[in-house]
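Trainee: Curious how this folds, go ahead:
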Amino acid sequence: MEKTRRKSGKKIVIAGAGILDVLVSPAGPEVFATGSSPAEEICISMGGDALNEATVLAALGGDVMLETVLGRDVAGDMIAGHCREKGIRLRDSVFREGLATGVNVVLVQENGERSFLTSPYGSLRALRSEDIRGPLPEDAGIFCFASMFVSPHIGPAELAALFCSLKEQGVTVCADMTKRKNGETAEQLAPALQYVDFLFGNEEEIRLLTGKETVEEGAEVLECAGAGQVTVKCGSRGCYVRSRDVRGRIPAEAEVNCVDTTGAGDSFVAGFLYGLSRGAAPDACLRLALWCGARAVEKVGATAWTEDPEIIRKVPEL
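Mentor: As a prediction, the model looks like this:
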């Protein structure tokens, strides 16, 4: 298996944020006392839920298109160049005049957990419904809204309209989330969730959205609200899955050396989407998802693991 894998399977459209991350590892509070503190690694990496998922998909061999917005600046040029290099398709209209491309500072602790410094005024939160232009290309079979709750311009009503139009086109609809920003509830999202075939979120995101204390209860609420299959990402404890036919926990990969959790959930979702694009059963998709998430935490940077040809050669067969 070569580093650049041959594209195959259904074509995938990913929508959401594409930004740059400036990663500092390890980072601690001592810098505020000393004024200067050494770090083992400071690097620039691609970031944003959607760009991360698209990057992993392209490395696995997926045929992927990214729907996002960028500014006409150095950061935007870097992201567009990255997409050209990786074979990620962008629309010509991806650039928006007068917009600054988002840049996050990611402070990675010694245990791999991270904190973010973000700007609310750049492209991170600028995506609008009209930026996701329909209908999708005729050869698109899977759509994933990778950044639910990131953009204040795309709320429950906009999501419902978007997902409805995609289902009318016969597309498999997936959605990944961040923490809710405006007190959204599962009940408010129900008109959109009825069109979602596969929904993803981590434990904190699911608890906030549903008001439930356990992932089991939270997943039940979201399934009852209309989502087809709900997958809760549980970090080192694997994931919990609930659908009409399946419910239960799947353990994480064993003996994983966690150095940075940035983008691990995005790699998880990308692994699942790739399996789905190849026609694999959901359980096989989940196994690949867990493998990708484990590889992500072993490197500093959201998608740094995809740059290692030795790792890419070991991608499990579906």
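Trainee: Okay, buried residues for the helix or strand hosting D77 please.
Mentor: D77 is part of helix 74-86, with elements assigned from DSSP states H and E. By 16 or more other CB atoms under 10 Å, the buried positions in helix 74-86 come out as 75-76, 79-80, 82-83, 86. Heads up, the C-betas are built off the backbone N, CA and C, glycines and all.
Trainee: what helix or strand is A17 on?
Mentor: Short version, using DSSP H and E: A17 is in no helix or strand.
Trainee: On the pLDDT front, check it for me.
Mentor: Confidence at A17, expressed as pLDDT, is 96.
Trainee: phi, psi of the residue nearest to it when sequence neighbours are not counted?
Mentor: Excluding the flanking residues, the one nearest A17 by CB to CB, 6 or more residues apart in numbering is G48, at 3.5 Å. Dihedral angles of G48 (phi, psi; degrees, to the nearest 10) stand at phi 90, psi 140.
Trainee: ok, G48 touching L127?
Mentor: No. G48 is beyond contact range of L127, at 10.1 Å (criterion: CB atoms under 8 Å).
Trainee: Which strand in this protein has the most residues?
Mentor: When every strand of the chain is counted residue by residue (DSSP state E), the longest turns out to be strand 140-148.
Trainee: And the next helix or strand past that one?
Mentor: helix 156-168.
Trainee: Helices along the stretch 1-150 of the chain, start to end?
Mentor: 31-34, 49-60, 74-86 (DSSP state H, counting those that start in this stretch).
Trainee: if we compare these, which one ends up closest to K11?
Mentor: helix 49-60 (10.3 Å; CB to CB).
Trainee: Check which helices and strands the closest one sits against.
Mentor: Taking 3 or more CB pairs under 8 Å, 6 or more residues apart in numbering; DSSP states H and E as contact, the helices and strands that helix 49-60 lies on are strand 11-15, strand 64-67, helix 74-86, strand 140-148, helix 264-277.
Trainee: closest one to K179 among the ones you listed?
Mentor: Short answer: strand 140-148, nearest of the helices and strands packed on helix 49-60 by CB to CB, at 10.2 Å.
Trainee: Direction included, what does the closest one pair up with?
Mentor: strand 11-15 (parallel), strand 172-177 (parallel) (DSSP bridges).
Trainee: List the contacts of stretch 159-176.
Mentor: Contact with stretch 159-176 is made by 10, 13, 49, 53, 129, 132, 134-136, 140-148, 154, 189, 191-192, 195-201, 265-266, 269, 273, 276, as judged by CB atoms under 8 Å, 6 or more residues apart in numbering.
Trainee: Flag the shaky bits of the chain, pLDDT-wise.
Mentor: 1-8 (pLDDT under 70).
Trainee: what residue of it is the furthest out?
Mentor: Taking CA atoms, centre = their mean, the residue of the chain most remote from its mean C-alpha position is T34, at 35.7 Å.
Trainee: Buried only: go through the contacts of stretch 159-176 for me.
Mentor: Judged by 16+ other CB under 10 Å, buried ones among the contacts of stretch 159-176: 10, 13, 49, 53, 129, 132, 136, 140-148, 154, 189, 191-192, 195-201, 265-266, 269, 273, 276.
Trainee: returning to that earlier point: now the buried residues of helix 74-86 as a markdown table including distance to T214?
Mentor: Below are those laid out as a markdown table (distance: CB to CB, whole Å):
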| residue | distance to T214 |
| --- | --- |
| A75 | 40 |
| G76 | 42 |
| I79 | 38 |
| A80 | 43 |
| H82 | 39 |
| C83 | 39 |
| K86 | 38 |
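Trainee: Which one of these is nearest to P29?
Mentor: For those, the nearest to P29 is A75 (27.7 Å; CB to CB).
Trainee: how near is the nearest residue to the closest one once chain neighbours are set aside to G71?
Mentor: Among residues not flanking A75 along the chain, T101 sits closest, at 3.7 Å (CB to CB, 6+ apart). Going from T101 to G71 by CB to CB, to the nearest Å gives 4 Å.
Trainee: Among these two, which residue is more densely surrounded?
Mentor: Relative neighbour count places T101 above the other of T101 and G71, with 27 against 20, counting by other CB atoms under 10 Å.
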